[in-house]
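# Everything below, folded, please.
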Amino acid sequence: MRRDIGALTETGFDLAVIGGGIFGACAAWDAAQRGLSVALIERHDFGGATSANSFRMIHGGIRYIQHGDVWRIRQSSHERRAFLRIAPHLVRPLSIVIPTYGRGMKGKTVLRLGMGLYDAITADRNSGITDPARRIPWGSGMTRDEVLGLFPDLKPDGLTGAAVFCDGQMHNPPRLVLAFLQSAALQGAVVANHVEATGFMREGDAVRGVRARDTLTDDQLEIRAKVVLNAAGPYAERLLRQAETGPPTTQANEYSRDACFIISRRLFDHEHALAILGQTHDPEAVLSRGERHLFVVPWRGYTLVGVWHSVHKDDPDRFTVTDHELEEFVAEVNAGYPGLGLSLDDISLWNAGLVPFGENPEGAVHLRYGHRSNLIDHKDSHGIDNLITLIGVRFTTGRYEAERAVTLAFHKLGREAPRSRTATTPIFGGQIEDWNAHLQRVSREYGDRLSADVVRSLCHNYGSECERVLSEVREAPELGARVDQTATIKAQIRLAVREEMAVTLSDVVFRRTDIATGEHPGPAALRECAQVMGEEEHWSPEEIERQIELVERQIPSPTARSLGTARSAQPAG
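Next comes the predicted model:
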């Protein structure tokens, strides 16, 4: 997968996709697999905005039991199953414990009845998943003593036990997005990062392509396409307004800034996540258990905590999470689980992204979430043909919503749409029948040269394609050296430049490797990574310093001030 700007303009395409997040990436893969010629552009880097800053969860829809929404439960369970089948290296089951107190709606009986109903509705949740390590078990219960054995500092008064269910967890969201794009590229799609859509090519009331700008060279581009899919997420409406096409709805979408934070260590010595009660409730719940849950979740060597929501009506590039907000988040978590005793100093990074919200009155505390993605055929809504906009709600539904959008593109092309196969076709790196056997095989072959944490990281990030990295180590053993204290090795950096379209240091440390995805890796790691990348890209010493400074500015950490850096969200895309 190489960045070839010329290929974007040399020929026309059936479909041009704007946006390289999960929705655009899945659309490019689905369209290419179904036989369309496809181009995809992303104004920053692939999977670099909301997709990168998600809570790493592939939801199975259990919370929709409270809404009585069987359709969304079924859809979510189907999509979780698809991710577990097609990306077994990057998505795994995650056990979540919900403590129960007293009787009634918060008691064990009601919760277990709800989980039993959920199990019945999703009885086919493991259909087609042959690997036992990737199968979602039935819901279960725990006794009071079992819960306290796992979480000894929970409030004991009134505790009756817990209900336990499983969802999916992503190892590295940007690499999951990248794997879809690699699959699309292997199928013939032309993809390019750091290319910004600036408008549409028009003939009367029909769109004929995309006007764009290479942000690295400032070159102006024209990408001809029979159909254009605008999948730029919270930036989709701004692009439409700039291009004088009109917003996708009569009223602009309202967005939620979904935020979470990362603790730089494991808070628990086991693999169970914990649900604790927050301080807001769901006004749309038909059967409410009271306050919404916050989740304390083991993730790699860290702990994830979230999610918090707030209405954002400003420019999508202008949002942040302040230290004051983080202090409020910490206080809410400590109120739900006082034994954690968290403080602002425990937070290594925060993540935040924008997703469509429900309609909420001004100043509302108990917020309505967005439920459905917005798929717009602009011929129907604005009389403009060959233009589709997709604004997705959740990472979980990225594949499904992309399938809908591509089917609509076929209709606009006047062609019968072949059946989509993306729910069952393994993506790049996903050709693994047994995850544990794969990990054991690589450990046996390379355990004498690479440490166990490095091997595990390689198996997760590259899956069945990890030989691409390991072959580099065989040929040049020095490339097996760690980047400072991280679990990333130098071979990964070189591969990211040569085969994964990484062109900036930010592309590598935030989205091609694990280097800066859980905490600030330290100045030494950034410099070492920049030097390896600089050798590939022929950077001058001044450019190496500039690249390091750009990364420092993007690390969203409450402790960044002490490291001499500014705090901001990761680049939007």
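
# Flag the shaky bits of the stretch 1-150 of the chain, pLDDT-wise.
104-106 (pLDDT under 70).

# Starting from residue 421, give me the distance back to residue 176.
18 Å (CB to CB, to the nearest Å). Yep, even glycine has a C-beta here, placed from its N, CA and C like the rest.

# So which of those two has more stuff around it?
residue 176 (29 against 12; other CB atoms under 10 Å).

# tell me which residues of the host helix or strand of the more buried one are tucked away?
Element membership for residue 176 (DSSP states H and E) is helix 173-186. For helix 173-186, a neighbour-count test (16 or more other CB atoms under 10 Å) marks 173-185 as buried.

# Quick one: mean pLDDT over that helix.
The average pLDDT for helix 173-186 rounds to 98.

# Also stretch 271-289?
Rounded mean pLDDT across stretch 271-289 is 71.

# now stretch 220-236
On average, stretch 220-236 scores 96.

# ditto for stretch 514-529
96.

# Centre of the chain to that stretch, how far?
20 Å (CA atoms, centre = their mean, to the nearest Å).

# tell me which element residue 92 is part of?
strand 91-101.

# tell me which residues in whichever helix or strand comes after that strand are buried?
Using DSSP H and E, the helix or strand that follows strand 91-101 in sequence is helix 108-121. Using 16+ other CB under 10 Å as the test for burial, helix 108-121 gives 108, 110, 111, 112, 114, 115, 118, 119, 121.

# strands paired with the helix or strand just after helix 108-121, and their directions?
Per DSSP H and E, the first helix or strand lying C-terminal to helix 108-121 is strand 140-142. Sheet pairing of strand 140-142 (DSSP bridges) gives strand 159-170 (antiparallel).

# Let me know the average pLDDT across the strand it pairs with.
Averaged over strand 159-170, pLDDT sits at 95.

# Can you check what angle separates that strand from helix 173-186?
Angle, strand 159-170 to helix 173-186, by axes from the mean of the first three to the mean of the last three CA atoms, to 10 degrees: 30 degrees.

# As CSV, could you dump the C-alpha coordinates of strand 159-170?
C-alpha atoms of strand 159-170 as CSV (Å, rounded to 0.1, in the frame of the first residue of the first chain):
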residue,chain,number,x,y,z
LEU,A,159,-24.1,-6.0,47.4
THR,A,160,-25.9,-9.2,46.3
GLY,A,161,-23.6,-10.4,43.5
ALA,A,162,-23.2,-9.5,39.8
ALA,A,163,-24.3,-10.3,36.3
VAL,A,164,-21.6,-11.0,33.7
PHE,A,165,-21.8,-10.6,30.0
CYS,A,166,-19.3,-10.3,27.1
ASP,A,167,-18.7,-7.7,24.4
GLY,A,168,-15.9,-7.2,21.9
GLN,A,169,-12.7,-5.2,22.5
MET,A,170,-10.3,-3.8,19.9
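
# roughly how far out does it sit from the chain middle?
21 Å.

# change the start of the numbering to 75 and stick with it
Sure, I'll start counting at 75 from here, so that last one is strand 233-244.

# need the strands for the stretch 475-624 of the chain, in chain order.
For the stretch 475-624 of the chain, applying DSSP state E, counting those that start in this stretch gives no strands.
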